[in-house]
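Undergrad: Generate coordinates for the sequence data below:
(6 chains)
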6 protein chains.
Amino acid sequence: MHLHLINPNTTAGMTETIRLAGSAIAAPGTRITASQPVSGPVSIEGHFDEAISAVGVVEEVLRMDREAQVDAYVVACFGDPGLLAAREATRAPVIGIAEAAFHMASLISTRFSVVTTLGRTVIIAEHLLDQYGFRHQCRRVRAAEIPVLDLEDDSDCALDKIIEESRRARDEDGIGAIVLGCGGMADLTETISREVGLPVVEGVTAAVKLSEALVGLGLGTCKTGDLAFPRPKAFSGTFQHLSHLDLETTGR
Amino acid sequence: MHLHLINPNTTAGMTETIRLAGSAIAAPGTRITASQPVSGPVSIEGHFDEAISAVGVVEEVLRMDREAQVDAYVVACFGDPGLLAAREATRAPVIGIAEAAFHMASLISTRFSVVTTLGRTVIIAEHLLDQYGFRHQCRRVRAAEIPVLDLEDDSDCALDKIIEESRRARDEDGIGAIVLGCGGMADLTETISREVGLPVVEGVTAAVKLSEALVGLGLGTCKTGDLAFPRPKAFSGTFQHLSHLDLETTGR
Amino acid sequence: MHLHLINPNTTAGMTETIRLAGSAIAAPGTRITASQPVSGPVSIEGHFDEAISAVGVVEEVLRMDREAQVDAYVVACFGDPGLLAAREATRAPVIGIAEAAFHMASLISTRFSVVTTLGRTVIIAEHLLDQYGFRHQCRRVRAAEIPVLDLEDDSDCALDKIIEESRRARDEDGIGAIVLGCGGMADLTETISREVGLPVVEGVTAAVKLSEALVGLGLGTCKTGDLAFPRPKAFSGTFQHLSHLDLETTGR
Amino acid sequence: MHLHLINPNTTAGMTETIRLAGSAIAAPGTRITASQPVSGPVSIEGHFDEAISAVGVVEEVLRMDREAQVDAYVVACFGDPGLLAAREATRAPVIGIAEAAFHMASLISTRFSVVTTLGRTVIIAEHLLDQYGFRHQCRRVRAAEIPVLDLEDDSDCALDKIIEESRRARDEDGIGAIVLGCGGMADLTETISREVGLPVVEGVTAAVKLSEALVGLGLGTCKTGDLAFPRPKAFSGTFQHLSHLDLETTGR
Amino acid sequence: MHLHLINPNTTAGMTETIRLAGSAIAAPGTRITASQPVSGPVSIEGHFDEAISAVGVVEEVLRMDREAQVDAYVVACFGDPGLLAAREATRAPVIGIAEAAFHMASLISTRFSVVTTLGRTVIIAEHLLDQYGFRHQCRRVRAAEIPVLDLEDDSDCALDKIIEESRRARDEDGIGAIVLGCGGMADLTETISREVGLPVVEGVTAAVKLSEALVGLGLGTCKTGDLAFPRPKAFSGTFQHLSHLDLETTGR
Amino acid sequence: MHLHLINPNTTAGMTETIRLAGSAIAAPGTRITASQPVSGPVSIEGHFDEAISAVGVVEEVLRMDREAQVDAYVVACFGDPGLLAAREATRAPVIGIAEAAFHMASLISTRFSVVTTLGRTVIIAEHLLDQYGFRHQCRRVRAAEIPVLDLEDDSDCALDKIIEESRRARDEDGIGAIVLGCGGMADLTETISREVGLPVVEGVTAAVKLSEALVGLGLGTCKTGDLAFPRPKAFSGTFQHLSHLDLETTGR
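TA: The predicted model follows:
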């Protein structure tokens, strides 16, 4: 089984963090690869960054489906950018790390809170909770107020802030689990869980295991209805290479 | 990894159907066992049957936690009877087949319909969709109007009715996946999917793979808050053996 | 008119508290009886206790329908355990004390808060608020953090904690009524209301009056659809006596 | 106990229908009176009629509180016009017949449908279902397309249409009870229930019994917060008599 | 284009405040007039005042439609009293200032809070947020605890309290805009916005621009279905002049 | 006042249709310009097309803010692609045509239906209805099953299908208005309204008038919180030109 993790931002170090976290958790027979888009932002910290990064996510799915036999994709940014677009582009299952974490947290607790990076991305998590149906299971989305790349550069101080906010969630929110709200936190799960004393659900690892589950079930993205392959058509300019893609015929 | 599937009704043939479906889908390293309660109804077709069967589910979790090293439990009836009670009783994850199927269906489609056995159980599925947050993703809960045990005794005719109702769901509901609403349908997934031409999500298999995923993530049921072990106390009569259980000390 | 109050736990003292509260509020022509199951937990403080106690509730309904002419049943534990199962088992109306209290509170105020016993049961009240549709009318479910049986043994100290939490609700929640979240508080209503200065709705008394109302209207539980009598079938083990119940023929 | 039924329209014949229905269902010790406003529309068939009639409802509450010792009020039009305003004006409980019917229907079935008069009033019932929290319990609001006063003048033909629509509800909606959506149907309940074979909940009778229940519980409208007596102030023109009402001092 | 602003209370000074605010914001070609009802309360501070004032709103619409060529109406009280009734009475669009403010705030921010006058009117805003669908976009409805007419008499102190509460909203609620919850605040928008440093949306001005927008689009209130002209019928007493209105024929 | 309409697809003919519709409806003092992205799909018919087109929308906002003094932007595709990202990029208001149409339709009717192009885009409209809060006001999203570009090439046949589906909505859905679900229908509004006999709300024209309203109110996108300007950072590859944008300093 081949799972491909797409880091929607272009920071290679974070891709490596994600790949390592995914590999560490994968089943023996699962091969984990990871990549980041050629084009896009170094971090995703708002709607603007997210809209740009969605293109890179879709491009990586198209590229990998041409170059390899990928059984499932993981979109490894907590806003799940480009998720539905990526699902249209392939028969393989595509899992976002936000949705993966929400699903898993809801199975081991009746209420959870999310601890994310910046206050301005709280709204992104709230929109996803609404769209996926987990609004009532989530008590609160909290921000540790750390820029995403601090998770790479200065992870001790960042880690402290996340632990502190997670403890506040534990003490104030009446919850049974904490969801980490950033792909860059994929290597911090164990430490945070130990420090906070609650189950901590991290999206990259959750998505890897959910992907294995879907592939094991023989389930792929439904190719009739709104997730059918995109209708072939002309694209112009930068996106000309997307013209007349006939994925129905050529797609995996 | 040891997963134990609990068939909440007492029909051994259905336990075997469930065990076989689980074993067929399990990962190489996963050991699947299955059992049904000593006490309870031969089939679960309403709130009454469900309330009685919840006791058997809890008893099986307690028994297995004493007798074996179980890594996760699956409650294999589509109403998820006794799910939260079972979660209180163990550190292991406990997954219901209805929730498992809803989670998986929502990852490969944006809208799904459920095809269940009897019209009177439609409300049970609707209540679970509300509680779990999948209400908007489910277009409709449909009943093929077959008694549960017909799935054992007369499965050709039952199968035909399920296929017929699934085709109606496909043609009328604007959906991308069908969820099978009964544990006794665990061996019919492939046939129905082929006949209907849509992905079909079946709960027993979905729950086995979700359980493997949770165990792989090292996630168990949260033991603080509302899913903590039950407070030890006196039970009387038939339930006297549950008195002064100190699962905090003795539980897995 | 004969109303039968079922205390779902096995503590006879609490049954008596409930019976007295019910008798004190009943209309002149109403006869109040009360019982507790032979088998079950001494108190209900979580999902586990609740699942076990649901069986006792159903058994009491079946027994009383055989032995007497009961016009309506009240399930006198704030989690409404076994409510839908009990409704299946009889033509008589069956009212839970949580639902009764929510209904009554919503008629005299636009927003209320619930004060219950233990923090771990908050989630049970929240699930019921969602299922019954009172989520938006309830500002908050609060726990006084007292074990249920302290209401029997040490009710002064318990009473103080409930009054304290109710005052906090009054001062912080912007509400017009308080709902008491435990059947064991049935004798405290007047004191709390006087101390807090807000209407206090208690479930046992509310359910008695709602039952009288339904009986007066000639309304019973609908016996078509999902609340029809349970389909007769075999039960094994401890529940063998439930086999082949033909309540359609023999039930009241 | 004295219950006063307010027919919000000015048709005396309908007031009498309502009074008779209320008297027939009232407990032995309950005295039922009924009145209609001096000023207002002969029937209520839309938002406009409803807004005008709300004034009459409030005026009747004020008048009766001055002239008599009323223990509870019923607002006997299915749109519950002026309900919250009337609650502000008195310490007595005030019950609308729509809310009463929804509450009662939800206690004897898990899903119900409403059969009302004109299609243009469907939206009024839908708004109330949303506001009161019964949206999910109601499968559908149906109109028999009969003008309200046809219930007075030509009730055979009107009755036939209501029965016909109720049968459609029974056959198509998967419900356990029917709610009659007009105060003018108060005398038709038994006939319709017999013809349709489902429990039929009618609002006037439901509200009478709910009012008895609230009075029996000693519960009145909360007089702190948003249902406190109106702040005394100047009113001009037609409403000058409402100036400087000090109900806190003079109100019941 | 002629927009008519209806101040639902009878305080002429507030009508003038509203008219001036509307005129200041209107497009060059727009003529703004304003009036208050002859009959009604001097201020609207609860459900009771609101029910009475709804009549005046409807009367003003009927009067103006007879006397002038009005292109759109604004109901200038934050509870939107009589809104749907007024819509029935005319072909012109009718806009409430609460709905106008909610719509506008949701277009420039993802989350907003409301700052209104008295705590007892918070519930009115909450009901409207639910009915209009803006519940999730509004973080909180806050009260500055000032009587409405203090906005006229003593607006410095009132202004200070509103600014203070708005700052609390900015600092605690995680919002992008503040909605002012009273028509009497129409002249304070700029000051508050400058002091608080967030966009401030005020309903009268918002409604004037929304009205211009609707008129510009050629859109009027739909005259089929539930907003069709009221069915002509007899009214008695104070409302006799509303008898047999045939607005279908005579209405604009 | 300068409004700039962005056609998110690259079909110049559709841009012209949109520009003409916008110009025809604009106020005398309003200057309307329109453009389409250099890069992107010729039509938007699913999640994939939408994700790609979002980039073009953002690029057009950035370009126009550099080159001109734009007072408000309209995103003229019914899925509102890139809306929140575009809002981050500018101080000007940015309005999507789907949201504009929903807002306007809710002001002239209590229930509306949407008629869109292809069945596969129904889900996009449903997601927006949920996110914006208009779910309950919309009875149904209907598809006329016409590819978007047929609106350009073959608009007679396309028009017939839209009219047919709109008539079905009028007859079956119990609605007061129809929302046209595609920017390419901007020139068909009047014809459809005349043929169907209901108010028809079209998004481009609605968004132009809403934009004028917001600009008239002096309201721009909130620049604190989640819609603040994007944090400056490195972008690579195709998106390198977005690196280190300091819109806080340079943006309008």
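Undergrad: going forward, measure contacts and count neighbours with C-alpha atoms only.
TA: Noted.
Undergrad: who's in contact with A:Ile162?
TA: Each residue near A:Ile162 by CA atoms under 8 Å, 6 or more residues apart in numbering or on different chains is listed here: A:Val115, A:Ala144, A:Ile192.
Undergrad: typo on my end, A:Ala51
TA: With CA under 8 Å, 6+ apart, A:Ala51 has these contacts: A:Pro81, A:Gly82, F:Ala51, F:Ala54, F:Val55, F:Gly82, F:Ala85.
Undergrad: Grab the nearest non-local neighbour of the second one.
TA: The reference is to A:Gly82. A:Ala54 (4.2 Å; CA to CA, 6 or more residues apart in numbering or on different chains).
Undergrad: Assign that neighbour to helix, strand or coil.
TA: Three-state call for A:Ala54 (DSSP: H, G, I helix; E, B strand; the rest coil): helix.
Undergrad: circling back: which one of the contacts of A:Ala51 sits closest to chain E?
TA: When the contacts of A:Ala51 are compared for distance to chain E (CA to the nearest CA), F:Ala85 wins out at 12.2 Å.
Undergrad: Assess the claim that the closest one and A:Phe48 are in contact.
TA: Yes. Under the criterion of CA atoms under 8 Å, F:Ala85 makes contact with A:Phe48 at 4.0 Å.
Undergrad: Now do the shared contacts for these two.
TA: Shared contacts of F:Ala85 and A:Phe48, counting by CA under 8 Å, 6+ apart, come down to F:Val58.
Undergrad: What strand or helix carries the closest residue to chain E within the stretch 51-200 of chain A?
TA: The minimum distance from the stretch 51-200 of chain A to chain E, using CA to the nearest CA, falls at A:Ile123 (7.7 Å). Using DSSP states H and E, A:Ile123 maps to helix A:122-132.
Undergrad: helices or strands up against that helix?
TA: For helix A:122-132, the packing partners by 3 or more CA pairs under 8 Å, 6 or more residues apart in numbering or on different chains; DSSP states H and E come out as helix A:97-108, strand A:138-143, helix F:122-132.
Undergrad: how big is the angle separating the second one from helix A:122-132?
TA: Per axes from the mean of the first three to the mean of the last three CA atoms, to 10 degrees, the angle that strand A:138-143 makes with helix A:122-132 is 150 degrees.
Undergrad: Please tell me how far strand A:138-143 is from the chain's geometric centre.
TA: 18 Å (CA atoms, centre = their mean, to the nearest Å).
Undergrad: Partner strands of it, with direction?
TA: According to DSSP bridges, strand A:138-143 forms sheet pairs with strand A:112-116 (parallel).
Undergrad: Would you map the strands across the stretch 51-200 of chain A?
TA: A:72-75, A:94-96, A:112-116, A:138-143, A:177-181, A:200-202 (DSSP state E, counting those that start in this stretch).
Undergrad: I'd like these laid out as TSV, including distance to D:Ile6.
TA: Formatted as TSV, those follow (distance: least, CA to CA, whole Å):
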stretch	distance to D:Ile6
strand A:72-75	61
strand A:94-96	57
strand A:112-116	48
strand A:138-143	44
strand A:177-181	53
strand A:200-202	57
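Undergrad: Please pick the buried ones from the contacts of A:Ile162.
TA: Listed as buried from the contacts of A:Ile162 are A:Val115, A:Ala144, A:Ile192; burial here means 16 or more other CA atoms under 10 Å in any protein chain shown.
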